[in-house]
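Peer 1: based on what follows, work out the 3D shape:
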Amino acid sequence: MWNYKTPGIPDEFFERAEKVPITKEEVRTIQLSKARLKTGQTIYDIGCGSGSISVEASFQIESNGKVLAIDYDKNAIELTKKNLKKFNLSNVSVIFGNAKEKILDLEEADVIFIGGTGGDTAEIVKLSENKLKSGGRIVIGTILIETLYSVLQILDKLKFNSIDITQVTISKSRKTTTGTMMLARNPVTIISATKI
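Peer 2: Numbering: from 1, shown residues only. All right, here's what the predicted structure looks like:
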């Protein structure tokens, strides 16, 4: 299905559902680069949505690594499973439930991605500190200013360094009857850091 090592699987390759979010391909590639993935790592994808991060991370860490994809939305869980099957991936475990509860029982991770969390992002970041190996990376995608603010406040109090904040605004082309126009997507702010 995807015969390349480079991330950036086009969004249209993924199964989609109306109310289940997807991390768009350009933002996804930046998030993956901030994670500094390696073969054999253990990854969490919290708020996995469509599973696009889980799919891309799975390719990067190869079959000797594992991804634990978590979401509290049954539609997201089913969609992630469909996408894993579509891309023929077997190193991803899909977990239904509230990440604040489920994370406590998981093994330690090398990298934790945090996406849609229903407003619990700062609390999940705090819980993630104890589940992340020393030197591990955390990558958080935010859309709301309030989420960005709460994440930065909590990161400042935890054992993280090399905190990086990158905001990306992507425009994609669309053909019209008279030419090509660029349509802007919502800005996304990506926060990444390393556990001390």
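Peer 1: surely residue 19 is in contact with residue 74?
Peer 2: No: under the criterion of Cβ atoms under 8 Å, residue 19 is not in contact with residue 74, lying 11.3 Å apart. Using the backbone N, CA and C atoms, a C-beta is placed for each residue, glycine as well.
Peer 1: where in the protein is pLDDT low?
Peer 2: Under the criterion of pLDDT under 70, the regions of the chain flagged as low confidence span 117-118.
Peer 1: how about the helices in it?
Peer 2: In the chain, the segments counted as helices under DSSP state H are 25-35, 52-61, 74-86, 99-102, 121-131, 145-157.
Peer 1: deepest of these, which one?
Peer 2: Compared across these, helix 52-61 shows the largest average neighbour count, a mean of 25 (mean count of other Cβ atoms under 10 Å).
Peer 1: which elements pack onto that one?
Peer 2: When contacts are defined as 3 or more Cβ pairs under 8 Å, 6 or more residues apart in numbering; DSSP states H and E, helix 52-61 packs onto helix 25-35, strand 42-46, strand 66-71, helix 74-86, strand 92-96, strand 109-114.
Peer 1: so what's residue 21 up against?
Peer 2: 49, 50, 115, 116 (Cβ atoms under 8 Å, 6 or more residues apart in numbering).
Peer 1: count the residues that sit near the third one.
Peer 2: Yep, that's residue 115 we're talking about. The tally of other residues near residue 115 (other Cβ atoms under 10 Å) stands at 22.
Peer 1: same thing with the first one?
Peer 2: If you count neighbours by other Cβ under 10 Å, residue 49 ends up with 24.
Peer 1: dihedrals phi and psi, it?
Peer 2: Note on residue 49: backbone dihedrals following degrees, to the nearest 10 are phi 60, psi -120.
Peer 1: contact partners for residue 185?
Peer 2: 24, 169, 170, 171, 172.
Peer 1: so how do I select the buried members of the residues you listed in ChimeraX?
Peer 2: Command for ChimeraX, covering only those of the contacts of residue 185 found buried under the criterion 16 or more other Cβ atoms under 10 Å:
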select :24,170
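Peer 1: for the contacts of residue 185, which one is nearest residue 186?
Peer 2: Residue 186 lies nearest to residue 169 out of the contacts of residue 185, by Cβ to Cβ, at 8.1 Å.
Peer 1: is it correct that that closest one is in contact with residue 187?
Peer 2: Yes: applying Cβ under 8 Å, one finds residue 169 in contact with residue 187, separated by 4.5 Å.
Peer 1: what about residue 47, distance to residue 141?
Peer 2: Relative to residue 141, residue 47 is positioned 9 Å away (Cβ to Cβ, to the nearest Å).
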